[in-house]
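Student: please find the sequence and the predicted model below.
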Amino acid sequence: MEREKFSSRLGFILISAGCAIGLGNVWRFPYIVGQYGGAIFVLIYLVFLVLLGLPIMTMEFAVGRASQKSAVKAFEVIEPRKKGWRFIGYFQAMGNYLLMMFYTTVGGWMLSYFVKMIRGDFVGVAPTGVADIFSQSLADPFLQVFWMIVVVILAFTVCSFGLQNGVEKVSKIMMTALLAIIVVLAVRAVTLPGAAEGLKFYLIPSLEPIYKYGLIEVIFAAMGQAFFTLSLGIGAIAIFGSYIDKERRLLGESISVCTLDTFVAFMSGMIIFPACFAFGVNPESGPSLVFITLPSIFNEMWLGQLWGALFFIFMSFAALTTIIAVFENMISFGMDLFGWSRKKAVVVNLIAILVLSLPCALGFNIWNGFNPFGPGTFVQDLEDFLVSYNFLPLGSLAYLIFCTSRYGWGFDYFLTEANTGKGIKFPRWIAVYLKYILPIVIIVIFIQGYWARFF
């Protein structure tokens, strides 16, 4: 069966960016920036995005394009004699399923908040009331499961229409709408009375966070965010490499995807920080920033219901583009491993994800007695920890070793694939950094994740 291809380069870039642009950009990025003091954090983050994100994304694309397969078969196709790499592919496939076990529920929160904004559920409600609405929705198992099911069915329906007619077409529309909405919201936020203080906090570097938290902690937080924002290490990006031709060199494509990803994260901050300062809200509110703080801010705004609805449809698109991209990866696993038709792969994965997503959806209510990391933690925290601090760093390390070591594909073969076509060349001189320094950095991130969680 001939492999499907994207109809255009724009489709490939927008879908790859859609996979990378998720709740890590629009939810986690602003509150981490708020927590670590704004502009100084953003600067360090951008440095690590180039040092960490770009090389590994290029490697994922190269492995996908060279193999013309998803993660479960890619290593095996490229290096059939080195059998151990096959199991790395299975490990990365597991990472996709684990990510979707909680991401579908959080995607459901975004859609439900869009509906709440349209209905006017927050109009005239005090901030404590907004917090109560969020707590009540988490405590309602029916609501949690209902919105999770809506998200799963929506995303798999898109995938069922195929790569060009489903995934590419819908992702293009959602990504274009997402980029338009975020610009409109940012313009509105920066023109609020008192927004200048928020812009100053966000854009003018201050050394205060370094005195407060210590340089090492700020660097680790920036390094971690740069690493996790691109969804690298589980083959979710590699699949789109397998759908493109050899017309363009891969470093340039990775730069385009990273630029879009960073633009969305940056613009999220341009919405949130001016709005927080304009209405006297603490930007260090943490994860509750989006679900509790922002609805209260929209309440205070002129036409707040409209701005709130726009914000949460933008958040929903950010979540859905990632979910559709990862579901496409899962469908490809079934087609590559078992020779299934797309239709069969959709049905099997739809049932699997509905079942696998239940622990997270029910973890806040019926199963809220399960506290994996102590009081106040839930199933979602365990699943997120496994993906963010295990599958992503270890999977990225696997791509790195495979593309630079003689025990895998080797740097020369990787370089030939990455530099086929026209565009920006992947430099040979970076080999020493990739072979000896970057692996240590990733191992340090991995250890630090455990250190932060348990010590």
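Tutor: Structure's in. What do you need?

Student: tell me the contacts of Ser70?
Tutor: For Ser70, the set of contacting residues under the criterion of Cβ atoms under 8 Å, 6 or more residues apart in numbering consists of 64, 93, 235, 238-239, 242, 329, 332-333, 335-336. C-betas here are computed from N, CA, C, even on glycine.

Student: need the pLDDT of the residue nearest to it when sequence neighbours are not counted.
Tutor: Using Cβ to Cβ, 6 or more residues apart in numbering and skipping the chain neighbours, the partner closest in space to Ser70 is Ser332 (3.8 Å). For Ser332, the model assigns a pLDDT of 95.

Student: what does stretch 55-65 contact?
Tutor: Outside stretch 55-65, the residues within contact range by Cβ under 8 Å, 6+ apart are 16, 20, 70, 74-75, 78, 230, 232-233, 235, 237-244, 246, 250-251, 253-254, 257-258, 396, 399-400, 402-403, 409, 414, 417-418, 426, 430, 434, 438.

Student: low-scoring stretches of the stretch 251-400 of the chain, by residue?
Tutor: Using pLDDT under 70 as the threshold, the predicted model of the stretch 251-400 of the chain has low-confidence ranges 284-288.

Student: contacting residues around the residue nearest to Ser70?
Tutor: So, once contact is read as Cβ under 8 Å, 6+ apart, Ser332 ends up touching 69-70, 239, 242, 345.

Student: what do you get if the cut-off is 10 Å, keeping everything else the same?
Tutor: Contact analysis of Ser332 by Cβ atoms under 10 Å, 6 or more residues apart in numbering lists 3-4, 64, 69-73, 93, 159, 163, 235, 238-239, 242-243, 342, 345.

Student: quick check, it in a helix?
Tutor: Yes - with the criterion set as DSSP: H, G, I helix; E, B strand; the rest coil, the secondary structure at Ser332 is a helix.

Student: any idea how far Ala345 is from it?
Tutor: Counting by Cβ to Cβ, to the nearest Å, the gap from Ser332 to Ala345 is 8 Å.

Student: can you list residues touching both of these two?
Tutor: Overlap between the neighbourhoods of Ser332 and Ala345 consists of Cys159, taking contacts as Cβ under 10 Å, 6+ apart.

Student: quick one on the thing from earlier: can I get the contacts of Ser70 in CSV including distance to Gln380?
Tutor: Below are those laid out as CSV (distance: Cβ to Cβ, whole Å):
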residue, distance to Gln380
Gly64, 29
Ala93, 21
Gly235, 23
Ala238, 26
Ile239, 25
Ser242, 31
Asn329, 21
Ser332, 26
Phe333, 24
Met335, 30
Asp336, 30
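
Student: go through the helix or strand hosting Asn329 and flag the buried ones.
Tutor: Asn329 is part of helix 304-338 when elements are defined by DSSP states H and E. When neighbours are counted by 16 or more other Cβ atoms under 10 Å, the buried residues of helix 304-338 are found to be 304-305, 307-337.

Student: and that helix, how far out from the chain's middle?
Tutor: 10 Å (Cα atoms, centre = their mean, to the nearest Å).

Student: next helix or strand past that helix?
Tutor: Next element after helix 304-338 (DSSP H and E): helix 342-356.

Student: quick check: angle from that next one to helix 304-338?
Tutor: Between helix 342-356 and helix 304-338, the angle comes out at 120 degrees (axes from the mean of the first three to the mean of the last three Cα atoms, to 10 degrees).

Student: which of the residues in whatever helix or strand comes next after helix 342-356 are buried?
Tutor: Using DSSP H and E, the helix or strand that follows helix 342-356 in sequence is helix 358-363. For helix 358-363, the buried set under the neighbour-count rule, 16+ other Cβ under 10 Å, comprises 358-363.

Student: next: stretch 183-193.
Tutor: Within stretch 183-193, the residues scored as buried using 16+ other Cβ under 10 Å are 185-186, 188-190, 192.

Student: over to stretch 135-154?
Tutor: 137-138, 141, 143-145, 147-152, 154.

Student: can you redo the residues you listed as TSV with distance to Val33, secondary structure and pLDDT?
Tutor: Supplementary listing: the buried residues of stretch 135-154 in TSV, determined by distance: Cβ to Cβ, whole Å; DSSP: H, G, I helix; E, B strand; the rest coil; pLDDT from 0 to 100:
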residue	distance to Val33	secondary structure	pLDDT
Ser137	26	helix	93
Leu138	25	helix	93
Pro141	34	helix	97
Leu143	30	helix	97
Gln144	28	helix	97
Val145	33	helix	98
Trp147	28	helix	98
Met148	28	helix	98
Ile149	33	helix	98
Val150	30	helix	98
Val151	27	helix	98
Val152	31	helix	98
Leu154	30	helix	97
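
Student: quick check, nearest of the residues you listed to Ser206?
Tutor: When the buried residues of stretch 135-154 are compared for distance to Ser206 (Cβ to Cβ), Leu138 comes out closest, at 35.3 Å.

Student: check contacts around the closest residue to the closest one other than its chain neighbours.
Tutor: Using Cβ to Cβ, 6+ apart and skipping residues adjacent in sequence, the residue nearest Leu138 is Phe364, 4.1 Å away. For Phe364, the set of contacting residues under the criterion of Cβ under 10 Å, 6+ apart consists of 105, 135, 137-141, 144, 378-380.

Student: from these, pick the one nearest Lys116.
Tutor: Nearest to Lys116 among these, with distances taken as Cβ to Cβ, is Ser137, at 8.5 Å.

Student: residue ranges of the helices in the stretch 1-150 of the chain, please?
Tutor: Counting by DSSP state H, counting those that start in this stretch, the stretch 1-150 of the chain has these helices, from start to end: 9-20, 23, 29-35, 39-48, 54-67, 71-78, 85-119, 127-139, 141-160.

Student: what average pLDDT does the first one get?
Tutor: Looking at helix 9-20 alone, the average pLDDT works out to 89.

Student: quick one: the following helix or strand past that helix to chain centroid distance?
Tutor: Sequence-wise, the next helix or strand beyond helix 9-20 is helix 23, with elements assigned using DSSP H and E. From the chain centre to the centre of helix 23 is a distance of 6 Å (Cα atoms, centre = their mean).

Student: quick one: contacts of helix 23?
Tutor: For helix 23, the surrounding residues in contact (Cβ under 10 Å, 6+ apart) are 29, 103, 106-107, 109-110, 290, 315, 318-319, 322.

Student: need the residues you listed in a markdown table (columns: distance to Ser296).
Tutor: Compiled in a markdown table, these are given as follows (distance: Cβ to Cβ, whole Å):
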| residue | distance to Ser296 |
| --- | --- |
| Phe29 | 20 |
| Tyr103 | 26 |
| Val106 | 20 |
| Gly107 | 23 |
| Trp109 | 17 |
| Met110 | 17 |
| Val290 | 11 |
| Met315 | 16 |
| Ala318 | 21 |
| Ala319 | 22 |
| Thr322 | 27 |
